[in-house]
Each structure stands twice: as structure tokens, then as C-alpha cells.
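>>> I'll drop the sequence and a predicted model, then ask my questions.
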Amino acid sequence: MNLKGEPAFVGRHCGTSEYEITSEVAAFYADALDDRSALPGLAPPLLHHSECYKHLGEWYLKNLFGNLHARQEWELFAPLRLGGRVRTRSTIIARYTKRGRDYVLNETDLVDAADGRLLVRGRTHQSFLPPKATVEPAGFVVDEASAKQKEPRAPFPTATGPELQPVKKLVDARRCWMFSGPGKNYHTDAEAAKQLGFPNIVVQGMMSTCFVSQVMQEHFGEGWLVGGKMDVRLTNVLWVDETVTTRARVREEEREGTRTRVHCDVWVEKDDATRVLLGTASAVRA
């Protein structure tokens, strides 16, 4: 991998790709995540969840040790239709520093290759340790013990409305490989994880956002595919072979033209109630 992301400057074009939306690719996604929520003739909206990482050599900083996916935003504008073709473009839109870490914000758009319509927009906030950062004595940036020693957060969720139907998943090695493979990396291979400062396979943060997407689509259907929004923080590490439940609770509703937008608090939690993701998502209904 040719990492040349420094200097990673705002406005840097990181790359583009073009794909056909095939039923085979959609079926692989459904099998990998055990997600059967796609509507007839359509693919899952986050089918290309990791497109930003196809060009990471253009926007990642050089110090990969201990890098983490910190925040993810999704906006859905139109469905991905089976048999169609899409084109992507990846751009650095911000850099900032927070709590001793360096952040790069990548925006990746998915557009219809035929007419240029914007279909899906993702914004990925990736955090990096400074080049000379110190690590734990064991050589790990974070392990299961230190991950549980986070400062207390504000109460969440604050939503008091109805809870949507949750989904529960075991994230085993096969699921990690199907989602983040086929090559060896810290999301698929324990030794590769140790080289980057983690004691075991770190489940890719995008997977938890796909779980949220499944909950929202199963409840709102097309109202999620056309107008869905998500803004979530990755708040703790999810390790291979852990089980998580993805939940959403309605917070409020508001008129949006002739439609109603339903805002939800969303979160993904382990069996011991440790939350690996939390934030907001919304969808529309006529």
C-alpha cells in the first residue's frame, strides 16, 4: 500500500471509481450482515460503505499505529437500483485536532453514472495519533480493559418515544472477513491488529453503521432510502466474537414540506451494555 496522505490538505481529490450494482454484490452484503431488508429491485443503501478506504493512500496520515474511525455521517438521496452503474468521488473536506489526536474528514459521494444524480454521501472522520505518541506498557493503544475506562458520558438516549425493532448480531471472524476482506488487515486478522496497536481483531466501525441502517430501513422502508440521515460517533472498540444489539428510539417528528421527518436516537451496545456507537438518525414518511 502506497501511503502518501501527508500532507493531507483540504480540497485534495482522493480518487474515483465506477461500479455496476449487481444482484451478486447485493446478495454478498446481505449474507455478510444477515440483512434481508432490501426492497425488491434495490440494493442496500450502504452497499459501498467502505468506498472511502479504496483511496486511503491519498488521505490517511502516515502514522497508522492506533488510528481509529471516530465519527460517521450518512445522507441518502435516492435508491441504488440493481443493474445500474454508479460513480464515486472522494475528497478531503476538513482537518482538525481534538483531545491530542489528528483528524482527517473524507467525503465520498456516490452518484448515478448515467445522469450524475447524487445517491449517497458519506463523511468519514478518521483519527490518528501524533507521530511520537506514547502507548500503553503492553504495546497496545487500547485493549479490552482500557476501553472500559472511558470518562462518563452525558445520559443517552434522551428520546422518550417508541423504540424501533432492534437487531442483534454476533460479529464473528467470518463476518469480519466478508465485510472488511479479502486481504489481511486489522479488521480481519489478529496479527495485523497487533502491528497497529490492538490485541485482537477490531471490527470495522462501518459495520455498526450498517446495522443502524438495517434498523431504520426495516421500519421506514423507502422513507429511509430517499431522505435518510445518520450522524454517529464510534465510542468504544468492538472486538471480534462479541455480540451487539442495535437500537433506535423516536425522539421527535417535524414537518418537512409535504412529508414528516422522524428523528431517532440510535445506538449499538454489547451484551454488557457497553456502547460502541451512538448518535442520531432520521427518515421521512409521507
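Thanks, I have it. Numbering: from 1, shown residues only.
>>> which secondary structure element is home to G279?
strand 275-285 (DSSP states H and E).
>>> show me what that strand is packed up against.
Packed against strand 275-285 by the contact rule (3 or more Cβ pairs under 8 Å, 6 or more residues apart in numbering; DSSP states H and E) you find helix 205-220, helix 222-225, strand 229-234, strand 242-256, strand 259-270. Placement of C-beta: from N, CA and C, glycine included.
>>> right, and E107 touches R123 too?
Yes. Using Cβ atoms under 8 Å, E107 makes contact with R123 at a distance of 5.1 Å.
>>> what sits in contact with each of the two?
I93 (Cβ atoms under 8 Å, 6 or more residues apart in numbering).
>>> for the stretch 101-250 of the chain, what spans make up the helices?
In the stretch 101-250 of the chain, the helices defined using DSSP state H, counting those that start in this stretch lie at 144-147, 173-180, 190-195, 205-220, 222-225.
>>> out of these, flag the one nearest P162.
Closest approach to P162 among the helices of the stretch 101-250 of the chain (Cβ to Cβ): helix 205-220, 9.7 Å.
>>> that closest one vs strand 242-256, what angle?
Between helix 205-220 and strand 242-256, the angle comes out at 50 degrees (axes from the mean of the first three to the mean of the last three Cα atoms, to 10 degrees).
>>> how near is D172 to E24?
23 Å (Cβ to Cβ, to the nearest Å).
>>> more neighbours: which of the two?
Between D172 and E24, D172 has the larger neighbour count (other Cβ atoms under 10 Å), namely 14 against 9.
>>> and the pLDDT at that one?
Note on D172: pLDDT of 98.
>>> that one against T243, yeah?
No. Counting by Cβ under 8 Å, D172 stays clear of T243, with 9.5 Å between them.
>>> put the alpha carbons of stretch 98-117 into CSV.
Only the C-alpha atoms of stretch 98-117 are listed here, as CSV (Å, rounded to 0.1, in the frame of the first residue of the first chain):
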residue,chain,number,x,y,z
LYS,A,98,-9.2,17.1,19.2
ARG,A,99,-8.0,15.6,22.5
GLY,A,100,-4.5,15.1,21.3
ARG,A,101,-5.4,13.3,18.1
ASP,A,102,-5.3,14.5,14.5
TYR,A,103,-8.4,14.1,12.4
VAL,A,104,-9.0,14.0,8.7
LEU,A,105,-12.5,14.2,7.3
ASN,A,106,-13.2,12.4,4.0
GLU,A,107,-16.3,13.0,2.0
THR,A,108,-17.3,10.3,-0.5
ASP,A,109,-20.2,10.8,-2.9
LEU,A,110,-21.9,8.0,-4.8
VAL,A,111,-23.6,9.3,-8.0
ASP,A,112,-25.6,7.7,-10.8
ALA,A,113,-23.2,7.1,-13.6
ALA,A,114,-25.8,7.8,-16.2
ASP,A,115,-27.2,11.1,-15.2
GLY,A,116,-24.9,12.3,-12.3
ARG,A,117,-27.7,12.3,-9.6
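>>> how about that stretch: buried residues?
Within stretch 98-117, the residues scored as buried using 16 or more other Cβ atoms under 10 Å are 101-113.
>>> low-scoring stretches of this protein, by residue?
Counting by pLDDT under 70, the chain has low-confidence residues at 1-6, 132-152, 286.
>>> hang on, the earlier thing: ranking the helices of the stretch 101-250 of the chain by burial, who's on top?
helix 205-220 (a mean of 24; mean count of other Cβ atoms under 10 Å).
>>> what angle separates it from strand 259-270?
Using the same axes, to 10 degrees: helix 205-220 against strand 259-270 is 130 degrees.
>>> got the angle for helix 205-220 vs helix 173-180?
Going by the same axes, to 10 degrees, helix 205-220 makes 90 degrees with helix 173-180.
>>> strand 275-285 and helix 205-220, what's the angle between them?
40 degrees.
>>> centroid-nearest residue for this structure?
M206 (2.6 Å; Cα atoms, centre = their mean).
>>> related to what we said a few turns ago, could the helices and strands packed on strand 275-285 go into TSV alongside distance to C14?
Below are the helices and strands packed on strand 275-285 laid out as TSV (distance: least, Cβ to Cβ, whole Å):
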stretch	distance to C14
helix 205-220	17
helix 222-225	26
strand 229-234	21
strand 242-256	30
strand 259-270	28
